[in-house]
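**Q** just coords:
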Ligand SMILES: *[C@@H]1O[C@H](CO)[C@@H](O)[C@H](O)[C@H]1NC(C)=O
């Protein structure tokens, strides 16, 4: 009994010390592609495991390579961002599990606010958008991979 309580405490502690959504909550689509995206974008931008981890923890280090990595995740395959720098939340929806409306709404609002504020550098735009999404969402709904 004591052991079980201890285990529960440890498990709770571990899951609350990371704010990003754990892998087993990823949608099947995201699960099937994210490792490939990660690998390619890491290779392409030269960012590090440590910088990715910090961003998963919501720390957003001031570093060019992690900004370009975030850009790469969103723009890989010209998938999610239109020429007007507007994120296609319908496409983003396929990567998220059912019931992710709050996430989509937060990303959409952050994206539009930054575009309307005149941010034209896509790398900066996507980085600040992700930061804004992180700041406005329940920590258990924060994705970065
Ligand atoms: C856009 O921002 C990135 C990241 O800060 C920077 O590396 C790049 O030089 C900027 N591009 C332009 C055209 O200013």
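**A** Done, it's in. This one's a predicted model, so the numbers in the text were calculated from it and none came from an experiment. Numbering: from 1, shown residues only.

**Q** residues from the chain in reach of the ligand?
**A** Contacts of the chain with the ligand, taken as CB under 6 Å from any ligand atom, map to 64, 67, 121, 123, 124. C-beta here means a position set from N, CA and C on the backbone, and glycine is covered the same way.

**Q** biggest separation within the residues you listed, which pair?
**A** Checked with CB to CB, these reach their widest spread between 64 and 121, with 12.0 Å between them.

**Q** Can you select the buried ones from the residues of the chain next to the ligand in PyMOL?
**A** Applying 16 or more other CB atoms under 10 Å to the residues of the chain next to the ligand, the buried members can be selected in PyMOL as follows:
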select buried, resi 67+123
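
**Q** Can I get the residues of the chain next to the ligand in TSV including distance to residue 27, secondary structure and pLDDT?
**A** Below are the residues of the chain next to the ligand laid out as TSV (distance: CB to CB, whole Å; DSSP: H, G, I helix; E, B strand; the rest coil; pLDDT from 0 to 100):
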residue	distance to residue 27	secondary structure	pLDDT
64	30	helix	98
67	25	helix	98
121	30	coil	97
123	26	helix	97
124	28	helix	97
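
**Q** who touches the one helix or strand residue 43 maps to?
**A** Assigned by DSSP states H and E, residue 43 belongs to helix 28-45. Here helix 28-45 makes contact (CB atoms under 8 Å, 6 or more residues apart in numbering) with 23, 26, 47, 52, 65-66, 68-69, 72-73, 76, 94-96, 145.
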